[in-house]
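Engineer: attaching a predicted model along with its sequence, questions to come.
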Protein chains: 2
Amino acid sequence: MIKHIAMMRWHEDTTDEQIEQVKAALATMPGLIPQIKSYVFGSDLELSEGTADFAVVADFDSVEDYRIYSDDQRHKDIITAHILPIVDQTYRVQLTVD
Amino acid sequence: MIKHIAMMRWHEDTTDEQIEQVKAALATMPGLIPQIKSYVFGSDLELSEGTADFAVVADFDSVEDYRIYSDDQRHKDIITAHILPIVDQTYRVQLTVD
């Protein structure tokens, strides 16, 4: 299985409403892209200093399925409309997991 | 459920052997800390530019259980012995997920 992780830091002036819009948009993804096997996301719980602000964790059966998600125009549209306006840094990784 | 994610960038001169030592040490964690409900980790697949080098994803039933892991001396010893010597950057986040 392929696990894709994206972690974001938002701009300091990001509003709760903007973050809710990101969550609402991301929540549509699993219904649009059947290659997504698991999809969780949310805001950091602020349990410790220096953490990022938000993360998305998505599982796929294969690299090809991950690329279908990554390249999907509806996914790109969410990034353009809701994430790029508020994101300061994004950190990404893709792993193979059992 | 609490999902803890740590993403690392290693120093450029990090060797494959050092990364294998990190993996071997992390693999002991679930057997030592029963509060860990799921534990996956591994090196980035290098599917795209700019990704981090490694990630750990751990699930816990509660914040208290996450803190037992986070504060466990054996966990701290692995960080000191195997991760701190080779890590350049670490990015962390903790989420509540269904």
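Structural biologist: Arrived safely, thanks for sending.
Engineer: what residues are bridge-paired with residue A:90?
Structural biologist: Note on residue A:90: beta-bridge partners residue A:8, judged by DSSP bridges.
Engineer: what's next to stretch A:72-80, contact-wise?
Structural biologist: Residues from elsewhere that reach stretch A:72-80, judged by Cβ atoms under 8 Å, 6 or more residues apart in numbering or on different chains: A:22, A:25, A:26, A:28, A:29, A:32, A:33, A:69. No exception for glycine: its C-beta is placed from N, CA and C like everyone else's.
Engineer: in chain A, where's the longest helix?
Structural biologist: Assignment by DSSP state H gives helix A:16-26 as the longest helix of chain A.
Engineer: can you read off the pLDDT for the residue positioned nearest the centre of chain A?
Structural biologist: Nearest to the mean C-alpha position of chain A, by Cα atoms, centre = their mean, lies residue A:56 at 3.5 Å. Here the pLDDT value assigned to residue A:56 is 98.
Engineer: kindly report the same for residue A:31.
Structural biologist: pLDDT at residue A:31 comes out at 97.
Engineer: just the element for it, please.
Structural biologist: Using DSSP states H and E, the element containing residue A:31 is helix A:29-32.
Engineer: alpha carbons only: can I get that helix in PDB?
Structural biologist: C-alpha atoms of helix A:29-32 as PDB (Å, rounded to 0.1, in the frame of the first residue of the first chain):
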ATOM      1  CA  MET A  29     -12.300  13.800  -2.500                       C
ATOM      2  CA  PRO A  30     -13.000  10.200  -1.500                       C
ATOM      3  CA  GLY A  31     -16.400  10.300  -3.200                       C
ATOM      4  CA  LEU A  32     -14.800  11.600  -6.400                       C
END
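Engineer: so for stretch A:66-83, what's the average pLDDT?
Structural biologist: 97.
Engineer: buried ones in that stretch?
Structural biologist: Buried residues in stretch A:66-83, counting neighbours by 16 or more other Cβ atoms under 10 Å in any protein chain shown, are found at A:66, A:68, A:69, A:70, A:72, A:75, A:78, A:82, A:83.
Engineer: backbone dihedrals for residue A:68, please?
Structural biologist: Main-chain dihedrals, residue A:68, degrees, to the nearest 10: phi -60, psi -40.
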